[in-house]
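Engineer: okay, predicted coordinates and the sequence, questions at the end:
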Amino acid sequence: MIKAATQRLTDACLTRQGFTPPRPGQSPSPAAEHKQVEAALFGTGPAELSITLPTGYVVRAHTDGCLAAAQQRLYGDQSRWFRASVIVNNLEPEAAHTHRSLAEVRDQHHADIADWRRLRAHALATATTVPDNPPQTGISRP
């Protein structure tokens, strides 16, 4: 449900900017348009969100772009969702890297997991209000 709502929100955002949302199996757009669609979808410039994992990997994300807007709407706080989801999605690599059991790592991140669950519950509730066919009007691309 959340994935479908994210897709609908990002599609509507891209459409408002004058782009055709990309689909698997669709013939690729020209390189210049592909870069514009990618920028509209994922954001541009330096990433505003960043977290360094215990494995040493750094994960970054933008707060602009259609995906960020969809996350903000669904989760209510894109920054909190970014942090919680990156941590929760990397519990197993952290356990392997630190030579601890997954249960120990989960215990250490109890607050992060609880935050992830709260944000996900918010997104599930919000996803039911995302229209199946959002309006195709709004900002046009330059």
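Structural biologist: Good, I have the coordinates.
Engineer: hey, let's count contacts and neighbours off CA atoms from now on
Structural biologist: Will do.
Engineer: this structure: helices as residue ranges?
Structural biologist: 2-16, 31-42, 66-75, 78-89, 91-98, 102-108, 110-127 (DSSP state H).
Engineer: wait, which of these is closest to residue 54?
Structural biologist: Of all these, helix 91-98 sits nearest to residue 54, with 6.1 Å by C-alpha to C-alpha.
Engineer: buried ones in the closest one?
Structural biologist: By neighbour count on 16 or more other C-alpha atoms under 10 Å, the buried set for helix 91-98 is 91, 92, 94, 95.
Engineer: same question for stretch 97-113.
Structural biologist: For stretch 97-113, burial by neighbour count (16+ other C-alpha under 10 Å) applies to 105, 106, 109, 112, 113.
Engineer: try stretch 109-126
Structural biologist: Across stretch 109-126, burial judged by 16+ other C-alpha under 10 Å covers 109, 112, 113, 115, 116, 117, 119, 120, 122, 123, 124, 126.
Engineer: ok, the residue located most distally from the centre of the chain - contacts?
Structural biologist: For the chain, the residue at maximal distance from the C-alpha centroid (C-alpha atoms, centre = their mean) is residue 99, at 29.3 Å. With contacts defined as C-alpha atoms under 8 Å, 6 or more residues apart in numbering, residue 99 has no neighbours.
Engineer: so what's the backbone phi/psi at it?
Structural biologist: Main-chain dihedrals, residue 99, degrees, to the nearest 10: phi 60, psi 40.
Engineer: for residue 44, what are its contacts?
Structural biologist: The contact partners of residue 44, taken as C-alpha under 8 Å, 6+ apart, are 62, 64, 65.
Engineer: stretch 44-56 spans what distance, first to last residue?
Structural biologist: Terminal residues of stretch 44-56 lie 24 Å apart, using C-alpha to C-alpha, to the nearest Å.
Engineer: and it, how far out from the chain middle?
Structural biologist: 14 Å (C-alpha atoms, centre = their mean, to the nearest Å).
Engineer: how about that stretch: buried residues?
Structural biologist: Of the residues in stretch 44-56, those buried by neighbour count under the rule 16+ other C-alpha under 10 Å are residue 44.
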